[in-house]
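Colleague: model the structure of this input:
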Amino acid sequence: MSNHQAHKNKVLNHANGPSLEEINGTVTVPQGKGFWKTLLAYSGPGALVAVGYMDPGNWSTSITGGQNFQYLLMSVILMSSLIAMLLQYMAAKLGIVTQMDLAQAIRARTSKKLGIVLWILTELAIMATDIAEVIGAAIALYLLFNIPLAIAVFITVFDVLLLLLLTKIGFRKIEAIVVCLIFVILFVFIYQVTLSNPVWGDVFKGFIPNSETFADKPAIGGQTPLTGALGIIGATVMPHNLYLHSAVSQTRKIDHDNEDRVAEAVRFTTWDSNIQLTLAFLVNALLLIMGVAVFKAGAVKDPSFFGLYEALSDPTTLSNGILVTVAKSGLLSTLFAVALLASGQNSTITGTLTGQVIMEGFIQMRMPIWLRRLVTRLISVVPVLICVLITRGKGTIEEHEALNDLMNNSQVFLAFALPFSMIPLLMMTDSRAEMGDRFKNNLVVKILGWISVVGLTYLNMIGLPGQIEGFFGDHASASQLMLADSIAYVVIVLVLLLLAWTIWDLYKGNKRVEALLKEGNR
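Modeller: Numbers count the residues shown, from 1 in each chain. A predicted model of the protein is given here:
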């Protein structure tokens, strides 16, 4: 048996090769064709990334925001989407120019200890999104086929088999499936919003931010405009998407020795990314409009998936006669559950790829895709199952609330992990040593990037005490609230210390690369 064969037979391998080796550079792109033909060849990776911006975790934040504050938070969805476009452009550019994904690039410039810490942080963020997907998919199965929740949760584990099938049919087909599922979700929400006939003048007015957008009063249903805005920003900009995009942008086969070819790849990948993120923006905007126009003001008492499903089949909660007529047939609520299932499946595909990217990049270890998926999914299923089993005998509403709380509380890990992907990304794409003169960020991108990064990090940190208070439920005592705030402040200090360590390590790593380049040029 050759050495290579022996290596292949081990379950875990060390990965020092290209990012997502089995699909890296596998899609050929035409040379010298027109704009649209070339764009079509580059289209796909953007869809995988856009999925993260419309996963089940976003749904209740946008609908609740619409229910409580009408179109006030529309400008937040627009700002989040523009920041997302900027960050994803940098992530794709990093991948194409350096031929390394974000995890590999960070690991190459930081110490082994920090690599492990950042890997654990990012794994937690992926598990948090996975919990939202498990809950979303399990609830969709329960609503569509009346499968008991505990069994539905187990069924979600078997989407591993679906993924295995997909890895066999080629990456281009995976991209096509993801795009089809995105259009299913988009169609469902366009249909529901069209029936609701919203006041479009008010919708467009909502895109202009004003002083009330980030105000900390009024509080409606336990939510202020500030917490609603934080929820939307937190659910929109996802750390794992930056890792994913820096890897899947490398699936196109390009001649890296030709700078013009690299520039063309960056240009078309950015087009693809922005088009798909515009679709994600439309989905999130439609969800907010749904909260305002499909339901009567204040009619949705339960913003969980169950509550929204019920509200879509309850004529008393809907805003006009056409909606009421369609709701009686059960079509609105069934379409909602179908979109939820599509969203859960889509996020599954991208979550697995991201898991592989960060494991191979940070700790240089490889696992077969099915095993990687099974491990992550089983870890995510445990808290969901515990939640279902504990609340089983207590009645339906408590069970629904517990699942909704678990999903919202798990999103707190995303807030921790975000600065650790954004700041290295900015530092590396700003660097001449990494990107060369032609591809490093220009001044405008640099300024906008740092404003976005500092702004998002600040908003995530000030939102942290409120998120940790959420762990104690709606009726927390004064001592519990004090404990929550104390935990939050300790966590904030730890996050800032870890950020300082990361920035220092990256700075030293960058200086090392610059020194090596100088020596090489002598």
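Colleague: surely Ala108 touches Leu506?
Modeller: No: applying C-beta atoms under 8 Å, one finds Ala108 not in contact with Leu506, separated by 10.3 Å. Placement of C-beta: from N, CA and C, glycine included.
Colleague: who has more neighbours out of the two?
Modeller: Per other C-beta atoms under 10 Å, whichever of Ala108 and Leu506 has more neighbours is Leu506, with 20 against 15.
Colleague: quick one: contacts for the more buried one?
Modeller: Ile106, Arg109, Thr110, Ile423, Pro424, Met427, Met428 (C-beta atoms under 8 Å, 6 or more residues apart in numbering).
Colleague: gap between stretch 413-431 and the chain center?
Modeller: 14 Å (C-alpha atoms, centre = their mean, to the nearest Å).
Colleague: stretch 457-475 too?
Modeller: Using C-alpha atoms, centre = their mean, the offset of stretch 457-475 from its chain centre is 19 Å.
Colleague: for it, list the C-alpha coordinates in PDB.
Modeller: Taking Å, rounded to 0.1, in the frame of the first residue of the first chain, the C-alpha atoms of stretch 457-475 are listed here in PDB:
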ATOM      1  CA  THR A 457     -18.600  45.000  17.000                       C
ATOM      2  CA  TYR A 458     -19.800  47.900  19.200                       C
ATOM      3  CA  LEU A 459     -23.500  47.100  18.500                       C
ATOM      4  CA  ASN A 460     -23.000  43.400  19.200                       C
ATOM      5  CA  MET A 461     -21.200  44.200  22.500                       C
ATOM      6  CA  ILE A 462     -23.900  46.700  23.800                       C
ATOM      7  CA  GLY A 463     -26.600  44.100  22.800                       C
ATOM      8  CA  LEU A 464     -24.900  41.400  24.800                       C
ATOM      9  CA  PRO A 465     -26.300  42.100  28.300                       C
ATOM     10  CA  GLY A 466     -29.800  42.000  26.900                       C
ATOM     11  CA  GLN A 467     -29.100  38.700  25.100                       C
ATOM     12  CA  ILE A 468     -27.700  37.100  28.300                       C
ATOM     13  CA  GLU A 469     -30.700  38.400  30.300                       C
ATOM     14  CA  GLY A 470     -32.900  36.500  27.800                       C
ATOM     15  CA  PHE A 471     -31.500  33.200  29.100                       C
ATOM     16  CA  PHE A 472     -33.400  33.900  32.400                       C
ATOM     17  CA  GLY A 473     -36.700  34.200  30.600                       C
ATOM     18  CA  ASP A 474     -39.300  37.000  30.600                       C
ATOM     19  CA  HIS A 475     -39.800  37.100  34.400                       C
END
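Colleague: mind listing what's buried in that stretch?
Modeller: Thr457, Leu459, Asn460, Met461, Gly463, Leu464, Pro465, Gly466, Gln467, Ile468, Glu469, Gly470 (16 or more other C-beta atoms under 10 Å).
Colleague: which residues of the stretch 51-200 of the chain score low on pLDDT?
Modeller: Within the stretch 51-200 of the chain, the ranges that satisfy pLDDT under 70 run 160-161, 163-164, 166-167.
Colleague: residues near Leu82, how many?
Modeller: Quick note: Leu82 (other C-beta under 10 Å) scores 15 neighbours.
Colleague: and the strand or helix carrying it, what does it pack onto?
Modeller: For Leu82, the host element (DSSP states H and E) is helix 74-98. Applying 3 or more C-beta pairs under 8 Å, 6 or more residues apart in numbering; DSSP states H and E, one finds that helix 74-98 contacts helix 45-50, helix 102-109, helix 225-236, helix 239-248, helix 259-289, helix 412-430, helix 432-439, helix 443-469.
Colleague: report the buried residues of it.
Modeller: Buried residues in helix 74-98 (16+ other C-beta under 10 Å): 74-81, 83-98.
Colleague: check stretch 55-72 too.
Modeller: Judged by neighbour count using 16+ other C-beta under 10 Å, the buried positions of stretch 55-72 are 55-72.
Colleague: using PDB, write out every CA atom in it.
Modeller: Taking C-alpha atoms only, stretch 55-72 is exported to PDB below (Å, rounded to 0.1, in the frame of the first residue of the first chain):
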ATOM      1  CA  ASP A  55     -31.800  31.300   7.200                       C
ATOM      2  CA  PRO A  56     -34.600  30.500   9.800                       C
ATOM      3  CA  GLY A  57     -32.800  32.600  12.400                       C
ATOM      4  CA  ASN A  58     -33.600  35.800  10.500                       C
ATOM      5  CA  TRP A  59     -37.300  35.100  10.100                       C
ATOM      6  CA  SER A  60     -38.800  35.900  13.500                       C
ATOM      7  CA  THR A  61     -36.500  39.000  14.000                       C
ATOM      8  CA  SER A  62     -37.700  40.600  10.800                       C
ATOM      9  CA  ILE A  63     -41.400  39.700  11.300                       C
ATOM     10  CA  THR A  64     -41.400  40.800  14.900                       C
ATOM     11  CA  GLY A  65     -39.700  44.100  13.900                       C
ATOM     12  CA  GLY A  66     -42.500  44.800  11.400                       C
ATOM     13  CA  GLN A  67     -45.200  43.900  13.900                       C
ATOM     14  CA  ASN A  68     -43.800  46.200  16.600                       C
ATOM     15  CA  PHE A  69     -42.400  49.200  14.700                       C
ATOM     16  CA  GLN A  70     -44.100  49.100  11.200                       C
ATOM     17  CA  TYR A  71     -41.500  50.000   8.600                       C
ATOM     18  CA  LEU A  72     -39.000  51.800  11.000                       C
END
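Colleague: report the buried residues of stretch 240-255.
Modeller: Neighbour counts over stretch 240-255 (16+ other C-beta under 10 Å) mark 240-252, 254 as buried.
Colleague: just how off-centre is the helix holding Leu82 within its chain?
Modeller: Distance of helix 74-98 from the chain centroid (C-alpha atoms, centre = their mean) equals 12 Å.
Colleague: report the angle between that helix and helix 239-248.
Modeller: Counting by axes from the mean of the first three to the mean of the last three C-alpha atoms, to 10 degrees, helix 74-98 lies at 30 degrees to helix 239-248.
Colleague: just to revisit the earlier point, deepest-packed of the helices and strands packed on helix 74-98, please.
Modeller: With neighbours defined as mean count of other C-beta atoms under 10 Å, these peak in mean count at helix 239-248, which reaches a mean of 29.
Colleague: contacts for that one next, please.
Modeller: Under the criterion C-beta under 8 Å, 6+ apart, residues 19-20, 23, 44-45, 48-49, 52-53, 84, 87-88, 91-92, 94-95, 100-103, 105, 122, 125-126, 129, 273, 350-351, 353-354, 357-358, 361, 414, 417-418, 420-422, 425 lie in contact with helix 239-248.
Colleague: sorry, back to before: nearest to Ile169 among the buried residues of stretch 457-475?
Modeller: Among the buried residues of stretch 457-475, Asn460 lies closest to Ile169 (C-beta to C-beta), at 38.3 Å.
Colleague: which residues touch the closest one?
Modeller: By C-beta under 8 Å, 6+ apart, the contact set of Asn460 is Leu230, Ile233, Gly234, Ala415, Leu418, Pro419.
Colleague: adding distance to Asn284 and pLDDT, write the residues you listed out as CSV.
Modeller: Formatted as CSV, these follow (distance: C-beta to C-beta, whole Å; pLDDT from 0 to 100):
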residue, distance to Asn284, pLDDT
Leu230, 15, 79
Ile233, 11, 79
Gly234, 13, 72
Ala415, 18, 72
Leu418, 18, 85
Pro419, 22, 88
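Colleague: among those, which pair sits farthest apart?
Modeller: Pairwise across the contacts of Asn460, and taking C-beta to C-beta, the largest span is found between Leu230 and Pro419, at 14.8 Å.
Colleague: what about the stretch 301-450 of the chain, any weak spots by pLDDT?
Modeller: Looking at the stretch 301-450 of the chain by pLDDT under 70, you get 393-395.
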